[in-house]
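*Asks:* Sequence and predicted structure below; questions after.
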Amino acid sequence: MVSLHTPRTHKELEELLRRDHTLYGGMLYGLDGYVIEIQARAMQVLPQARTTRKTKTSWADDDFFQISGMARGAITEVRQRIAGAFAKLGVPAPQVKMLVNLTPADVPKEGTWLDLPLAIILLQASGMLPDLPEAVEGSYVLMGELGIHGEIRRVPGALSLAYQAKPGQKLIVPAGNEKECALILAKPGHDGCGVYPAKTLEEVIDFFAGRGKLDNVLSKKIEFDNAIPKAVDFGRVKGQERAKRAAVISAAGGHNLLLIGPPGEGKSLIASAIPGILPRLSDGEKVELTRIYSACGQLNNDGMAVTRRPVRTVHHTASQQSIIGGGSGVPRPGEVTLAHLGVLFLDEIAEFNRNTLETLRQPIENGEVTVTRVKASLTFPCRFTLVAAMNPCPCGFYGDLRCRCSENEVRSYQQKLSGPLLDRIDLQVELKPLSLDEKFAKSEEELSPRLRKTVESARSRQAERFIGINIPFNAAIPGGHVADYVDFSPAGFEAFKVVISESSLSTRSTDRLAKVARTIADLDEHEQTEPKHVTEAASFVVGGMLRANDR
């Protein structure tokens, strides 16, 4: 049972009508946190408070409080959750009717993030908890879902909410969200902030009653676990040297990659190994990804952070909404956003719904996706490297004696990928069945760290090239500007023109060839793009099984 002050005299009850109360909570809207000002006041003394009759005993009754300010969804059910928690703690029914207002009023309020601050401000407005001095009302930001047994449950997006804290504010959060919120220290502007976890509503009530203490976790060193498992080492990939080379070029320049080959020859393994050779994440990128994974409910335990580049493997049965993002209310991020700064792997890409694949064109091009619904239109980041895999024909064994597909079936299967989509895939590589020696070859140990150094060196050259310009890597050079950044030697430019002339490449494919050649030159640490770089680039851009301008 929790100990609370209960106003008894008529004078005490009338005094409650003259008090105003303010607390701050937070809610998630897409990927961003918003601070919600919660105002409350007692509006009238209830009739039963003037008599000995006690006809209303549950906080779930409508007579006790109303919530205004576009409260929707789970917030409209908070009355029941608060009633259950208060019953568990023995909180008596209030003797006044209260009004709670959530501002800004024009932002829809959904979810359970505001459960905890609503419970506390109702106790303040009913006179059971002391009113906070106006000077310190803005010192607290509360978040947390209430269980009907009085427990405070973790909420998704806690880091995004914590990011909205002002210097010196105290964040009271569910136990299990505190380590995540501690990542605010990685961003300037949170000087003097504190993060105070609580397991139960009773702990928070005691804190605001002045008889309990909550500990600030920012005063201690916090260890984080990685939410993303370590990528497979490239040394585990047997044979397929040409595909490995394509993967290194893809990682070095941010180029999208298509792997074509029979089943069971390493396509999925190569895709899962690519994040391990991508450059290490910066501290800012780690926090950005952790915010995304927190908002999407992907951090299963507290103390988890995204410190490795993700790979999201999407099955061909996945819906357009799950890949791009969406939902019936406020749009939620999809797989393309969860793959931000990492790899989006589409296995058996030819089996995907064609309309779903076409919706990927804008995210691939822009590095962000806008999802529009009736209630909101939100833009999410999605700068990923697309890695796709497919069989060369329906049975998977085209070019082998085992293949039983007709030429028409092969052609129809390969044409499932549209020209505009293929135009956005810079590299194609065909995987061949492994030889007996390759199958039994010894795995090479710790190959990925060595490849990563090469990739990071190439990326550092690109960073110097694009300093002061919003271009992250070679693949992102915008159309019409390729000539500004791809420095050909005279011989290299002649080789470039020969390839274009002989291959009848489209303008977009010409740009792709130049960008891939520039990446290969970066890997070779060459200032200029030479003929050998053009030749190797052409083998991946021009010589692929699928041609965009044939669609």
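*Replies:* Structure received.
*Asks:* Now do the nearest residue to residue 304 once chain neighbours are set aside against residue 293, distance only.
*Replies:* Using CB to CB, 6 or more residues apart in numbering and skipping residues adjacent in sequence, the residue nearest residue 304 is residue 227, 4.3 Å away. Every residue, glycine included, has its C-beta placed from N, CA and C. Using CB to CB, to the nearest Å, we find residue 227 at a distance of 6 Å from residue 293.
*Asks:* Also residue 20?
*Replies:* Residue 20 is 39 Å from residue 293, by CB to CB.
*Asks:* Over to residue 174?
*Replies:* Taking CB to CB as the measure, residue 174 falls 17 Å from residue 293.
*Asks:* helix/strand/coil for residue 275?
*Replies:* The three-state label given to residue 275 by DSSP: H, G, I helix; E, B strand; the rest coil is helix.
*Asks:* Low-confidence stretches in the stretch 1-150 of the chain?
*Replies:* 48-57 (pLDDT under 70).
*Asks:* er, the chain I mean
*Replies:* 48-57, 374-375, 543-551.
*Asks:* What is the longest helix of this structure by residue count?
*Replies:* The helix spanning the most residues in the chain, taking DSSP state H as the definition, is helix 447-465.
*Asks:* if we can go back for a sec, and residue 227 and residue 293? Which one has more around it.
*Replies:* residue 293 (26 against 20; other CB atoms under 10 Å).
*Asks:* middle-most residue in this protein, spatially?
*Replies:* residue 292 (2.6 Å; CA atoms, centre = their mean).
*Asks:* these two touch, right, it and residue 30?
*Replies:* No. Counting by CB atoms under 8 Å, residue 292 does not reach residue 30; the two are 10.3 Å apart.
*Asks:* who touches both of those two?
*Replies:* Common neighbours of residue 292 and residue 30, using CB atoms under 8 Å, 6 or more residues apart in numbering, are residue 333.
*Asks:* can you give me phi and psi for residue 86?
*Replies:* The phi and psi values for residue 86, taken as degrees, to the nearest 10, are phi -70, psi -40.
*Asks:* Next, work out how far apart it and residue 65 are.
*Replies:* Taking CB to CB as the measure, residue 86 and residue 65 are separated by 12 Å.
*Asks:* re the thing from before, what residues are shared contacts of residue 227 and residue 293?
*Replies:* Looking at what touches both residue 227 and residue 293 (by CB under 8 Å, 6+ apart), the common residues are 299, 306.
*Asks:* Longest strand of this structure, counting residues only.
*Replies:* What stands out as the longest strand in the chain, according to DSSP state E, is strand 32-45.
*Asks:* For that one, output the C-alpha coordinates as PDB.
*Replies:* In PDB, the C-alpha atoms belonging to strand 32-45 read as follows (Å, rounded to 0.1, in the frame of the first residue of the first chain):
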ATOM      1  CA  ASP A  32      11.400  11.300 -33.800                       C
ATOM      2  CA  GLY A  33      10.700  12.000 -30.200                       C
ATOM      3  CA  TYR A  34       8.400  14.800 -29.200                       C
ATOM      4  CA  VAL A  35       8.100  16.500 -25.800                       C
ATOM      5  CA  ILE A  36       4.500  16.700 -24.700                       C
ATOM      6  CA  GLU A  37       3.400  19.200 -22.100                       C
ATOM      7  CA  ILE A  38       0.800  17.700 -19.800                       C
ATOM      8  CA  GLN A  39      -1.400  20.200 -18.000                       C
ATOM      9  CA  ALA A  40      -3.900  19.300 -15.300                       C
ATOM     10  CA  ARG A  41      -6.200  20.900 -12.900                       C
ATOM     11  CA  ALA A  42      -9.100  20.000 -10.600                       C
ATOM     12  CA  MET A  43     -12.300  21.400 -12.100                       C
ATOM     13  CA  GLN A  44     -14.900  20.700  -9.500                       C
ATOM     14  CA  VAL A  45     -15.400  19.000  -6.200                       C
END
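*Asks:* which other helices and strands contact it?
*Replies:* Applying 3 or more CB pairs under 8 Å, 6 or more residues apart in numbering; DSSP states H and E, we find strand 32-45 packed against helix 10-16, strand 21-29, strand 96-103, helix 115-125, helix 158-162.
*Asks:* Make JSON lines out of the ones you listed and add mean neighbour count and distance to residue 350.
*Replies:* Below are the helices and strands packed on strand 32-45 laid out as JSON lines (neighbours: other CB atoms under 10 Å; distance: least, CB to CB, whole Å):
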{"stretch": "helix 10-16", "mean neighbour count": "15", "distance to residue 350": "68"}
{"stretch": "strand 21-29", "mean neighbour count": "23", "distance to residue 350": "37"}
{"stretch": "strand 96-103", "mean neighbour count": "19", "distance to residue 350": "49"}
{"stretch": "helix 115-125", "mean neighbour count": "26", "distance to residue 350": "47"}
{"stretch": "helix 158-162", "mean neighbour count": "28", "distance to residue 350": "37"}
